[in-house]
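**Q** Could you look at this predicted model? Sequence included:
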Number of protein chains: 2
Amino acid sequence: MSERGLLVVVSGPSGVGKGTVMKELVRKNDGIYLSVSATTREKREGEADGVNYHFMSEEDFIKTREENGFIESACFCGNYYGTPKKEVFARLDAGINVVLEIEVQGAMKVRSEYPEGVYIFMAPPSMSELRSRLENRKTESRDKVEERLKTAVWEMGVARKYNYLVINDSVVAAAERISSIITAEALRMERNFEFIKKNIAEDR
Amino acid sequence: MSERGLLVVVSGPSGVGKGTVMKELVRKNDGIYLSVSATTREKREGEADGVNYHFMSEEDFIKTREENGFIESACFCGNYYGTPKKEVFARLDAGINVVLEIEVQGAMKVRSEYPEGVYIFMAPPSMSELRSRLENRKTESRDKVEERLKTAVWEMGVARKYNYLVINDSVVAAAERISSIITAEALRMERNFEFIKKNIAEDR
């Protein structure tokens, strides 16, 4: 039907489980490509270049950004992060659905340039559930948890700018919901005018 | 999530296979109710009142219509057809998704009164495929087939007023697409503001 792939942007608070749901989504659906971000932060143990991130030097990152090579980029804690255009547009042209897992500000930047994308906000079943998920990570200090929760409240406020809300109450269910959203979006009439036109023409 | 059920309206040319797809959809999905239309036409062999149609006398039909008891009604070949409100609204309030399978003009009437519904147009893979499906029925004269095809071309033109296009290339696939549309629509942000508000409030 619609021949161009969909750009699907998924955001949500830290600790909501985006990464796990994305893995399940890609595992179950051929024809969905999870875009790999670029970063200048150091590679951690177990991470591989081109899999977890495209690891870049700060110099290369800035050069790419100046050449307009990112859809969006941002700086967190002294490191740069960005979504390379080459990860996305050639695949969309080839009919592949591309999923970006990026934070809220980056997502809103993408949306202003690419409003025909599909914007999904992933939320926890409740804020208290998010709190316990963050506390159970045990990798983060109490202050850090409080900070992340404050950010989460702000992010939930921005959520209404997204097209869809997916609650991550179960990884499998959340991935299935996103899969249904992608199926449905590809069937939207505005993406399928051509089929109608061709069919009517055929009979005339 | 969204507590109110969705009103889903499915239309499509005669011969596209709406009935078969609807049966498959309802068989596979609890929580979807296929609305039963009212008609004044005579009951055919094998049909049961309240299952295929609510069979009504012309007098009762007109009385119900005057009392504003139908969402839409129309007259075909001397018989009245209508969608009783009592089939729909109480179920939506109870969180049940209600599917109406009605023709294009009725659907557009429903849409003008209920724009928050989900409007799905079911199309054949091609007009020549529709032609052979109609011819293979063998219940209809050649003139009737030509008439139905002419109507189909007109209906395809109105299709762009629907939200989604589902091609019936396979009954199972078409039913799954409609099921995905219903899942996705229930997740649309505008139907889920309350969840967001409640969650943010919880943390303040």
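**A** Arrived safely. Numbering: from 1, shown residues only, chains lettered A, B, ... in the order given.

**Q** Give the helix, strand or coil label for residue A:88.
**A** helix (DSSP: H, G, I helix; E, B strand; the rest coil).

**Q** so how far is the lowest-mean-pLDDT helix or strand in chain A off the chain centroid?
**A** Least confident helix or strand, chain A: helix A:193-202 with a mean of 78, by mean pLDDT, DSSP states H and E. Here helix A:193-202 is found 33 Å from its chain centre; the criterion is C-alpha atoms, centre = their mean, to the nearest Å.

**Q** do the same with stretch A:148-161
**A** Worked out by C-alpha atoms, centre = their mean, stretch A:148-161 lies 16 Å from the chain centre.

**Q** for stretch A:60-70, same thing?
**A** On C-alpha atoms, centre = their mean, the centre of stretch A:60-70 falls 20 Å from the chain's centre.

**Q** Any chance you could list what contacts that stretch?
**A** A:38, A:40, A:56, A:73, A:80, A:82-86 (C-beta atoms under 8 Å, 6 or more residues apart in numbering or on different chains). Every C-beta, even on glycine, is put in place using the N, C-alpha and C of the backbone.

**Q** okay, and for chain A, where does confidence drop off?
**A** Residues of chain A that meet the criterion pLDDT under 70 lie in A:1-2, A:201-204.

**Q** Next, work out how far apart the most centrally placed residue in chain A and chain B are.
**A** When C-alpha atoms, centre = their mean is applied to chain A, the residue found nearest the centroid is residue A:101 (2.4 Å). For residue A:101, the distance to chain B (C-beta to the nearest C-beta, to the nearest Å) stands at 17 Å.

**Q** so the residue lying closest to residue A:159 once chain neighbours are set aside bridges to which residues?
**A** The shortest distance from residue A:159 to any non-neighbouring residue, by C-beta to C-beta, 6 or more residues apart in numbering or on different chains, is to residue A:121 (4.2 Å). Beta bridges link residue A:121 to residue A:11, residue A:165 when assigned by DSSP bridges.

**Q** Surely residue A:121 touches residue A:157?
**A** No - look at residue A:121 against residue A:157 with C-beta atoms under 8 Å: they stay out of range, at 10.8 Å.

**Q** between these two, who's got more neighbours?
**A** residue A:121 (28 against 13; other C-beta atoms under 10 Å in any protein chain shown).

**Q** residue contacts, the more buried one?
**A** A:10-12, A:159, A:162, A:164-166, B:189.

**Q** ditto for residue A:167
**A** A:122-125, A:174, B:1, B:195.

**Q** Kindly reformat the residues you listed as JSON lines containing neighbour count.
**A** Listed next are those as JSON lines, based on neighbours: other C-beta atoms under 10 Å in any protein chain shown:
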{"residue": "A:122", "neighbour count": "24"}
{"residue": "A:123", "neighbour count": "26"}
{"residue": "A:124", "neighbour count": "23"}
{"residue": "A:125", "neighbour count": "15"}
{"residue": "A:174", "neighbour count": "26"}
{"residue": "B:1", "neighbour count": "14"}
{"residue": "B:195", "neighbour count": "20"}
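
**Q** one step back: give me the subset of the contacts of stretch A:60-70 touching chain B.
**A** Counting by C-beta under 8 Å from any C-beta of the partner chain, nothing from those sits close to chain B.

**Q** That's all I had, so thanks and see you.
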